[in-house]
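Visitor: pasted the sequence and its predicted model underneath.
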Amino acid sequence: SALAGRTSKPLINVEQKASCDEYLALIYISIEAVTEGICSATTPFLLLGDVLDCLPLDQCDKIFSFVEENVSTWKSSTFYSAGKNYLLRMCNDLLRRLSKSQNTVFCGRIQLFLARLFPLSEKSGLNLQSQFNLENITVFNKNEQESTLGQKHTEEKEDGMEVEEGEMGEEEVPATCSIPIDYNLYRKFWTLQDYFRNPLQCYEKFSWMTFLKYSDETLAVFKSFKLDDMQASKRKLEELRTSAGEHVYFAKFLTSEKLMDLQLSDSNFRRHILLQYLILFQYLKGQVKFKSSNCILNDDQTAWIEETTKLVHQLLKEIPPEGEKFSAMVEHILNTEENWNGWKNEGCPSFVKERWVVDDKPKRPVRKRQAPEDFLGKGPDRKLFMGNDELTRLWNLHADNMEACKSDDREFMPSLDEFFAEAIEQADPTNMVEDEYKVVRNSNYGWRALRLLSRRSPHFFQPTNQKFKSLADYLDSMVSKLAKELPKDIPSEEIKTGEEDDDDNGDNLLKESNDSTFQKPDSKMVSNQQMDDVAAKLGAKWKTLAGQLEMKASELREIETDSEDVDMQAKLLLVAWQDREGTQATVENLVSALNAASFTQIADNLNDIDTELGPVP
Amino acid sequence: MARCVETASPILMHHLLHMSVFSQSFSPCGKFLAAGNNYGEIALFSLSAALGPDANELSQKPILTFTAHEGPVFSLLSTDSHLLSAGNGEISAWSWAELIKKCLCALPPSLRSSLEIPEINAMALNPADNSLAVGGGDNNVHIMDLENGAFKSVLQGHTDYIHCLSVRERASEVLSGGEDGAVRIWDTRTSQCVHCVEVYKYETCARPQHGKWISCLTTDSDWMLCGGGPSLSLWHLRSMSPTSVFPLSGCQRQATFYQDMILTVGEGQCVSHCLMGGEVKAQIPCTPHSINTLAINTNSTEHRVLTVGGSSDHIDVFTNLSYKAFSLRF
């Protein structure tokens, strides 16, 4: 086959200096081959890896373009699982070879490719352990002799940078500075970077004190030194740039002491530092799964962080241009970060929603939790438990609401003679009550009178030819009619004069049913003595009763572990029942439970004992 | 503000608590600062030590302290070789070289002149004719020839004691401001008062609630800054009219032109940065609650700092005008 022919020759012939195109062609063939099923899915990746390992960087660029273009291929099901690890390793190897500052674009392309290839939740791309880049050390001048301006940086140097350093290095004799330098601030300021590099230091007491002190001083300088002259600082920055040749962006801070003044007057620089503070505070305060348990802030620290956060935001607002907007934006971004933090804490679950599998028949709804019988009033005493003693009592006063509403003591309508007594008296001319003071003139009274008449008096419905000018006149006539009838009982549809019925109903409603002396003997609380008796009789059969008393399995288990003695267990059962029932732990209820559990003899005994003892006060 | 407890006695702490710094002067080489206080002491600080990278607490203390006068040292001035100090009617000249060598044990001042006047509040150097203008409590300005130490002339005209002096080199004029509220411009050659401006009479500047005295005066050839009871104001000398008035609440005691700004201090715990147009650009907080003296070390680029002293034993040093870097302490 074509492939076999190819592979007999060495793939890379250094002397021939095979071109990239040939390699790419070969790799392309291998992809086809995989699709055809001729070779294993890992073949193209192995080839790619080898090729990239052997080529110099400028040619790797071309190969990588090929990789980029075929990202959809790599993502397809045939290739993805086989190749993703190879691709990852390959990209990482490339990144290691490249310089971030010199080959920025290429590095970016590789990162973008990886971002396209892998889903968001790909673990290799996430800093799952929330580790910090501890190697990001900020170098600054701790001794007079080592001015950083002449020093090599730890990163690879590039042309632009060398030119800049060379220029400045030649201008100045390192020994003396031409401007006065605040070494105190300089050192404290750059020491802070170490805390941003490794925030866990903040949890150590001594380090924290240092951090606090230096931060307070630095922020005091920011506060005192307000930036308002944008033109001046812009001008200075331009000078700095032009002296350095073309403008190159450095990811790390320049820490020469001579630059301190310029940096302090620069808005962007300040924003960097203040933002670092906010990020640090968010970490210290936040819930991060991988923080060890001793990484918590005490109250003083929390208070200082709150205060300083406010100060930092205030300072941000004061930095021109558009400080307010910047501050608001930063706050918003940090809030969003909380979501990402939460996502990380959950182990970075995938964002991909699984496709809904459409069923032919609708899914059966989850079986509803069976309401406990007691709630439905199906228990032995047919009681409804409302979850609260008082509610339970009220609810169980009468099983049927409609019936309860019809009870006699809910009769609030007055009788005719009660209501009209005053009006009748006023109508009597001997009393000489002036018209305007008559109660029938009161519109409120009049309205109520009409209602009452419609319910109780047949006169209301008798047709009449009389024309009444006002309600008061009508009422006058009615009153006079009633006055004539008053001594006799007025026949009415609704009238109820059964006052003797009120007492019983009133008692039931107003008084606690348990406290009333009219209580039936059965409805009083079970006494200790009674419980002991019942328990003794139940013995080992207490579990049967437990079912009727609606005890939970867990409670039963508890009882079993609490005591070995069956009598004691029975007693415990009853005690538990009593505790739960509270005021409803009545003899009546216990009797019904016993009967339901077929302990009829015990139930009868209970009743007997009861009557023997007599009514309990 | 806490000192080492071992070395400070209660008397010393009391002494420090009530100290006020009234005057300052930089050495000709720019490496040293002399400061005079209300106890008549002059302290010498080494700026190179205090500004060095290895500076510590000790570097911020004087290398030398001595009692120069019986009364407060209201004025200090440096010539090329000598430090002139003035207090209660006597002017002393100390050799900078000797001071720096710190051999002051038995040395009287090189020169001492006495005037029969209650106090000397201000001194100004006129390099043109090597003369010293001295403003005193006797309401007069005395001109002393530095060659021989003799007093050449007396400028009379003020009706109350003199607070401040300034020399306008180009025109060979001396400006004086006094308690009487007048700023007088004197021609040194004729010893006559050329102009007299009563600042408190100008509505834009006047602040009757404070008073009329002029405690602060400085010139920059064409311009003059004056203030005190009245608001600090910028005057154009040719037209003798106020061009800007600065909205500073306290009474200003010293002002100076620096680059394109005006720096001023007085009542109030800050150094105010103002622009020629009358705007107060910034107010930088300092240690003393009330500031008497402000000085910029123009004698050295390495040690070009701003120092302020006032109602405290601390002298604040600014390496960057916009924030206080550290303090020197008596």
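Guide: Arrived safely.

Visitor: check contacts around the residue of the stretch 301-450 of chain A found nearest chain B.
Guide: Closest contact between the stretch 301-450 of chain A and chain B, by CB to the nearest CB, is at A:Glu318 (11.9 Å). (Each C-beta comes from the backbone N, C-alpha and C, glycine too.) Neighbouring residues of A:Glu318 by CB atoms under 8 Å, 6 or more residues apart in numbering or on different chains: A:Lys226, A:Leu227.

Visitor: ok, now how distant is it from A:Arg270?
Guide: Going from A:Glu318 to A:Arg270 by CB to CB, to the nearest Å gives 10 Å.

Visitor: all strands of the stretch 51-200 of chain B, in order?
Guide: Assigned strands in the stretch 51-200 of chain B, in chain order: B:64-67, B:75-78, B:82-86, B:90-95, B:111-114, B:120-126, B:131-136, B:141-145, B:151-155, B:162-168, B:173-178, B:182-187, B:192-198 (criterion: DSSP state E, counting those that start in this stretch).

Visitor: right, so of those strands, which gets closest to chain A?
Guide: Using CB to the nearest CB, the strands of the stretch 51-200 of chain B put strand B:75-78 closest to chain A, at 19.1 Å.

Visitor: strands paired with that closest one, and their directions?
Guide: Sheet pairing of strand B:75-78 (DSSP bridges) gives strand B:82-86 (antiparallel).

Visitor: taking strand B:131-136 as reference, get the angle to the partner strand.
Guide: 20 degrees (axes from the mean of the first three to the mean of the last three CA atoms, to 10 degrees).

Visitor: and strand B:82-86 with strand B:141-145, angle?
Guide: Using the same axes, to 10 degrees: strand B:82-86 against strand B:141-145 is 150 degrees.

Visitor: mind saving the C-alpha coords of strand B:82-86 as PDB?
Guide: Backbone C-alpha positions of strand B:82-86 (Å, rounded to 0.1, in the frame of the first residue of the first chain) are rendered in PDB as follows:
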ATOM      1  CA  HIS B  82      28.300  80.700  56.900                       C
ATOM      2  CA  LEU B  83      25.000  80.000  58.600                       C
ATOM      3  CA  LEU B  84      23.400  83.100  60.000                       C
ATOM      4  CA  SER B  85      21.000  82.700  62.800                       C
ATOM      5  CA  ALA B  86      18.900  85.400  64.500                       C
END
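
Visitor: quick one: the strands in the stretch 101-250 of chain A?
Guide: Going by DSSP E, counting those that start in this stretch, the stretch 101-250 of chain A shows no strands.

Visitor: tell me the residues of chain B that contact chain A?
Guide: B:51-55, B:281-282, B:284-285, B:301-305, B:319-320, B:322-326 (CB under 8 Å from any CB of the partner chain).

Visitor: just the buried residues of the residues you listed.
Guide: B:51, B:53, B:55, B:282, B:284, B:302-305, B:319-320, B:322-326 (16 or more other CB atoms under 10 Å in any protein chain shown).

Visitor: picking that back up, overlap in contacts, A:Glu318 and A:Arg270.
Guide: Counting by CB under 8 Å, 6+ apart, the common neighbours of A:Glu318 and A:Arg270 are A:Leu227.

Visitor: low-confidence stretches in chain A?
Guide: Where chain A drops to pLDDT under 70, the residues are A:1-18, A:143-177, A:229-251, A:358-384, A:487-523, A:609-617.

Visitor: name the next helix or strand downstream of the biggest helix by length in it, please.
Guide: What stands out as the longest helix in chain A, according to DSSP state H, is helix A:323-345. Sequence-wise, the next helix or strand downstream of helix A:323-345 (DSSP states H and E) is helix A:389-395.

Visitor: distance from the next helix or strand after that following helix to the middle of the chain?
Guide: Per DSSP H and E, the first helix or strand lying C-terminal to helix A:389-395 is helix A:401-405. A distance of 45 Å separates the centroid of the chain from that of helix A:401-405, by CA atoms, centre = their mean, to the nearest Å.

Visitor: contacts for helix A:401-405, please.
Guide: With CB under 8 Å, 6+ apart as the test, helix A:401-405 has contacts from A:Leu397, A:His398, A:Arg410.

Visitor: swap in stretch A:330-342?
Guide: In contact with stretch A:330-342 (CB under 8 Å, 6+ apart) are residues A:Leu275, A:Leu278, A:Ile279, A:Gln282, A:Gly286, A:Gln287, A:Val288, A:His313, A:Leu316.

Visitor: in strands only, show me the residues you listed.
Guide: Among these, none falls in strands (DSSP state E).

Visitor: give me the residue from the stretch 1-150 of chain B nearest chain A.
Guide: For the stretch 1-150 of chain B, CB to the nearest CB, closest residue to chain A: B:Pro53, 4.4 Å.

Visitor: pull the number of nearby residues for residue 77.
Guide: Let's take chain A. The local packing of A:Ser77 (other CB atoms under 10 Å in any protein chain shown) involves 6 other residues.

Visitor: the intended chain is chain B.
Guide: Using other CB under 10 Å, B:Leu77 has 20 neighbouring residues.

Visitor: what's opposite it in the beta bridge?
Guide: Beta-bridge partners, per DSSP bridges, of B:Leu77: B:Leu84.

Visitor: which ones are touching it?
Guide: B:Ser25, B:Leu83, B:Leu84, B:Ser85, B:Met123, B:Ala124, B:Leu125, B:Leu132 are the contacts of B:Leu77 under CB under 8 Å, 6+ apart.

Visitor: please repeat the previous calculation with a cut-off of 10 Å.
Guide: B:23, B:25, B:34, B:83-86, B:91, B:93, B:122-125, B:132, B:134 (CB atoms under 10 Å, 6 or more residues apart in numbering or on different chains).

Visitor: need the pLDDT of it.
Guide: At B:Leu77, the pLDDT value in this model is 92.

Visitor: give the contact list for the residue lying closest to B:Ser20 once chain neighbours are set aside.
Guide: Sequence neighbours aside, B:Asn38 is the residue nearest to B:Ser20 in space, at 4.5 Å (criterion: CB to CB, 6 or more residues apart in numbering or on different chains). B:Asn38 sits next to B:His18, B:Met19, B:Ser20, B:Val21, B:Phe22, B:Gly71, B:Pro72, B:Val73, B:Phe74, B:Gly87, B:Asn292, B:Ser311 when contact means CB under 10 Å, 6+ apart.

Visitor: of those, closest to B:Trp186?
Guide: B:Phe74 (20.6 Å; CB to CB).

Visitor: quick one: the closest one and B:Ala86 touch, right?
Guide: Yes - using CB atoms under 10 Å, B:Phe74 is in contact with B:Ala86, at 6.4 Å.

Visitor: the two: which is more packed in?
Guide: Remark: of B:Phe74 and B:Ala86, B:Ala86 carries more neighbours, 29 against 24, as counted by other CB under 10 Å.

Visitor: tell me which residues touch the more buried one, please.
Guide: By CB under 10 Å, 6+ apart, the neighbours of B:Ala86 are B:23, B:36, B:68-69, B:71, B:73-77, B:92, B:113, B:115, B:119-123, B:132, B:134-136.

Visitor: now with 6 Å, please.
Guide: Going by CB atoms under 6 Å, 6 or more residues apart in numbering or on different chains, B:Ala86 touches B:Ser75, B:Ile120, B:Met123.

Visitor: secondary structure element for B:Asn299?
Guide: Under the assignment here (DSSP H and E), B:Asn299 is part of no helix and no strand.

Visitor: pull the number of nearby residues for it.
Guide: 15.

Visitor: which SS class is the nearest residue to it once chain neighbours are set aside?
Guide: Closest residue to B:Asn299 apart from its sequence neighbours, by CB to CB, 6+ apart: B:Gly30 at 3.3 Å. At B:Gly30 the chain is in coil, as set by DSSP: H, G, I helix; E, B strand; the rest coil.

Visitor: how about A:Ile27?
Guide: Look at A:Ile27: counting by three-state DSSP, its state is helix.
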